[in-house]
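Novice: below are the sequence and a predicted model; questions follow.
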Amino acid sequence: MISLNGSIQRKFFFPADLLTTLIYFSDLSRAVFLLPHISLDEPYTNNKVRIRYQTVELGAYTINIFCDLALEVDVDQSTIKVFPLRGYEEVQSVATLNATTGYGYYSSTAKLFPQEGGTGIDYQLKFESNLPRPRGLRMMPKRVVDRIAHSISIGRVEEIADGFMQNALEAFDEWVVKQDHNLVEQWLSAREQILVEPGQPPKRR
């Protein structure tokens, strides 16, 4: 097996007020496209998705990891959490000569706070998975396999975290132009909207 277990913490500055920043990062389907090495495999809803992580390591071995994720926003705490989504069938682990595919677990927490000229973001990311060895690696020394695991667990996690924020900054201006002038009011109103179902008491969405 190739065991992966990486984590990282970063602090970023984002050039927008706190609520606008919170809204910008609150759509998981959109945020996935900002993550290096990660693509959207299946959207269940805007904030429940299956993602696919894919890289080629040592120039020859393709790593595929699928994760089911959900996102929650806590407006009062100015926090965005992404966590494993339960209840979906895990991808079956399989290895070929030069590729391995399996299921993994990804989580992140972004704590936002006002900062002069914009918003500070305290960002933590964790990632783990256990994958079968590609057949081409089965006879290789353990140090070679450990090198792949280290590259993914440390190096790739850093690339994801740093690349995500860089991509977010580059895409922000275009996103802002497309938004209504009362974006914050509309977003907060939608979160507080009362849904009334026939025969049922009111409930908050």
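Specialist: Now that the structure is in, tell me what you want to look at.

Novice: can you give me the helices in this protein?
Specialist: Taking DSSP state H as the criterion, the chain contains helices spanning 18-24, 28-32, 142-150, 157-177, 183-192.

Novice: so D74 bridges to which residues?
Specialist: Beta-bridge pairing for D74 (DSSP bridges): T79.

Novice: how near is it to I23?
Specialist: 13 Å (Cβ to Cβ, to the nearest Å). All C-beta atoms are positioned from the backbone trio N, CA, C, and that covers glycine.

Novice: for the nearest residue in space to P114 that is not next to it in sequence, give its distance to V94.
Specialist: Using Cβ to Cβ, 6 or more residues apart in numbering and skipping residues adjacent in sequence, the residue nearest P114 is L18, 5.5 Å away. Distance, L18 to V94, using Cβ to Cβ: 44 Å.

Novice: comparing those two, which shows the higher neighbour count?
Specialist: Comparing L18 with V94 by other Cβ atoms under 10 Å, the one with more neighbours is L18, at 19 against 12.

Novice: in this structure, which ranges drop under the pLDDT threshold?
Specialist: Along the chain, segments meeting pLDDT under 70 span 193-205.

Novice: just to revisit the earlier point, pretty sure the residue nearest to P114 contacts G117?
Specialist: No - using Cβ atoms under 8 Å as the test, L18 is too far from G117 to be in contact (11.9 Å).

Novice: what sits against the most centrally placed residue in the chain?
Specialist: Within the chain, one residue has its C-alpha closest to the average C-alpha position: by Cα atoms, centre = their mean, that is V32, at 5.9 Å. Residues near V32 by Cβ atoms under 8 Å, 6 or more residues apart in numbering: 38-40, 49, 51.

Novice: ok, it to E158 distance?
Specialist: Distance from V32 to E158, by Cβ to Cβ: 18 Å.

Novice: next: K178.
Specialist: Using Cβ to Cβ, K178 is found at 31 Å from E158.

Novice: the more surrounded of those two?
Specialist: A direct count of neighbours by other Cβ under 10 Å for K178 and E158 places E158 higher, at 13 against 7.

Novice: name the nearest residue to that one, ignoring sequence neighbours.
Specialist: Using Cβ to Cβ, 6+ apart, the closest residue to E158 is I8 (5.8 Å).

Novice: in the sheet, who's paired with the one you found?
Specialist: Applying DSSP bridges, one finds that I8 bridges with L125.
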